[in-house]
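[1] okay, predicted coordinates and the sequence, questions at the end:
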Amino acid sequence: MSFASLDLIDGLLRTLESIGYNTPTPIQKQAIPAILAGRDLLGAAQTGTGKTAAFALPLLQRLTMVGEQAAPNHVRCLVLVPTRELADQVYQSFHTYGFNLPLRSAVAYGGVPMEPQLAKLRKGLDVLVATPGRLLDLHRKGELEFGQLTALVLDEADRMLDLGFAADLDLLFAVLPAQRQTLLFSATMPDSIRAMARQLLRDPLTVQASAPNTAARTVRQTVFTTDKRNKAELFVHLLRKEGWGQVLVFVKTRKGVEQLVGLLQGEGIPADSIHGDKPQLARIKALKRFKASAVQILVATDVAARGLDIEALPLVVNFDLPTVAEDYVHRIGRTGRAGAEGEAISLVCADEVELLRAIEKMTGAVLPRREEAGFEADHRVPSTGTPPASATPATRPTAAKPARGAAKPQRPAAKPPAQLRDDTPRPAGGFGALKEDLPPKEKQRSRGPIYGARAGSPGAGSGAGRSGNGGSGGTGGAGGKVVVTATRGAKSAARAAGRAAAKPGGRGNKR
Ligand code: AMP
């Protein structure tokens, strides 16, 4: 199948040809016709499946075909994303795909001066990619109007909820026009996302590219058990022994990130960091240097896990396991992209056994364990008790075990590793001050993130989670099997009724 057979316009086809996209990925094949036809969509899609083009291409086409001009401070299509990095990446995609189209797009997020964003907004925008906090800020200042908005995309919606954006999203949904096309994408489908989908989407097509909650199967995964105090030393040892090239390393806390970077730099290993405490420009610079191979090791917190599209990244290391099991999938999704083989190595200590159990439960696979000679755990990591799954191609060990009886390699006698601490809480949105400034009515609406409150509610089982495990073919890189579930018919009426009831402020005309 070609992109031309999906009825894309010439301006898009020429661009796709020039950037070497010959064949639509499975999610693109399913989503593009539906979005072109104006349908709402629920996409259960991990990164690496080609989901950005799946929504950007048809939206750009619809915006072009309508031919309307965005009035000053108005935006016609809004794309909400959880992090600045993803905002930049999605904006770049819109910019690239829309190169031959007469459309204006921009990106807006916090942590950088607002003025350049305002300047673009004042001309009127066809597409605005934004994080929820900055978007609300712009709206509160009277710089952003939604009267012309026809399309809303929520990308990586699960991540937005994880980062504490539920209340901000509620406020935004309350001011968006009811008549619009809404597309919701999420790598995982917890109950909170299903509840959000029920509230926001009208008769959606559900597209599932790769099974939710299943780690990318093109990624080989291994756990090295060791003691917490030895993790840094083990990392440096493996890096040298295995001759690792570029590595993206995840550490739980910002402080831990900086400690590891300091230690690596002290060992003469080029390393940089990316986390929420760093100014945006420094984050962009670190990412650019990593992409350009100017640094070998990029150490990141989970905030950076989304939206990093680094071509052919061979290895991700979880220096700490994530506190939220879903983040494991997002982290290892940084490797094995676009069909490439990838590898994910986790350094796990006894304290983390519950986190490991949660990951194995969620992915349905037992992660194979190894110990590196000389770095064996004094505090044994207990068994998780997870029964082995029948088909777990992702779990084969990554390297041969040392021969039985082989001499224990000497640990590098270098300086003792810096103590890496993990006492800083996960970032939680960071837009609290904004809420305090809201007028009383909006404050009321923001009380109680409705999606959080609904998590685990009975009857929350419709949507993508019901569409089976059809993605077992894996992401397959910009690919993966896709299951499409049309939810027309009797369920729609029930859902519409539920939607009306669930509206913040109880406005009957809203979706
Ligand atoms: P995404 O899942 O949107 O993050 O996309 C993952 C990667 O696949 C990105 O580097 C895209 O540029 C690439 N990609 C998306 N669609 C295609 C396609 N049809 N052909 C080739 N590469 C693609």
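    Arrived safely.

[2] mind giving me the domain ranges of the protein?
    What automatic domain parsing lists as the domains of the chain is 4-208, 219-370.

[3] turn those into TSV, including mean neighbour count.
    C-beta: built from backbone N, CA, C; applies to glycine. Formatted as TSV, these follow (neighbours: other CB atoms under 10 Å):
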stretch	mean neighbour count
domain 4-208	21
domain 219-370	20
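
[4] tell me which of those domains lies nearest to residue 378.
    Among these, the nearest to residue 378 by CB to CB is domain 219-370 (5.4 Å).

[5] among the domains of the chain, which is nearest residue 380?
    Going by CB to CB, the one of the domains of the chain nearest residue 380 is domain 219-370, 6.5 Å.

[6] pLDDT of the closest one, averaged?
    For domain 219-370, mean pLDDT is 88.

[7] next, the residue nearest to residue 64 when sequence neighbours are not counted: phi, psi?
    Nearest residue to residue 64, sequence neighbours excluded (CB to CB, 6 or more residues apart in numbering): residue 101, at 5.0 Å. Phi and psi for residue 101, reported as degrees, to the nearest 10, are phi -110, psi 150.

[8] switch the domains of the chain over to a markdown table; also include distance to residue 379.
    Compiled in a markdown table, those are given as follows (distance: least, CB to CB, whole Å):
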| stretch | distance to residue 379 |
| --- | --- |
| domain 4-208 | 30 |
| domain 219-370 | 4 |
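
[9] format those domains as CSV; extra columns: distance to the ligand.
    Shown next, in CSV, are the domains of the chain (distance: least, CB to the nearest ligand atom, whole Å):
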stretch, distance to the ligand
domain 4-208, 3
domain 219-370, 5
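
[10] ok, now which ones touch the residue nearest to residue 64?
    With contact set as CB atoms under 8 Å, 6 or more residues apart in numbering, residue 101 has these partners: 11-12, 60, 63-64.

[11] residue 123 versus that one, what's the distance?
    Residue 101 sits 16 Å away from residue 123, going by CB to CB, to the nearest Å.

[12] now swap in residue 30 and tell me
    Distance, residue 30 to residue 123, using CB to CB: 35 Å.

[13] ditto for residue 132
    Between residue 132 and residue 123 the computed distance is 23 Å (CB to CB).

[14] same question for residue 171.
    25 Å.

[15] then residue 141?
    From residue 141 across to residue 123, the span is 17 Å (CB to CB).

[16] try residue 199
    In terms of CB to CB, residue 199 sits 33 Å off from residue 123.

[17] how far does stretch 147-154 stretch from one end to the other?
    Taking CA to CA, to the nearest Å as the measure, stretch 147-154 stretches 19 Å from start to finish.

[18] going forward can the numbers begin at 6, since that is how I track them
    Done: numbering now begins at 6, and the last item shifts to stretch 152-159.

[19] touching that stretch from outside, list them.
    Residues outside stretch 152-159 that contact it (CB under 8 Å, 6+ apart) are 60, 64, 67-68, 71, 73, 75-76, 79-85, 165, 174, 181-182, 184-191, 201, 205.

[20] residue 57 is in contact with residue 95, isn't it?
    Yes - using CB atoms under 8 Å, residue 57 is in contact with residue 95, at 5.9 Å.

[21] anything in contact with each of those two?
    If you check residue 57 and residue 95 against CB under 8 Å, 6+ apart, the residues they both contact are residue 160.

[22] residue 239 is in contact with residue 351, isn't it?
    No - assessed by CB under 8 Å, residue 239 is found out of contact with residue 351, at 11.5 Å.

[23] find residues that contact each of the two.
    When contacts are counted by CB under 8 Å, 6+ apart, residue 239 and residue 351 have residue 229 as shared neighbours.
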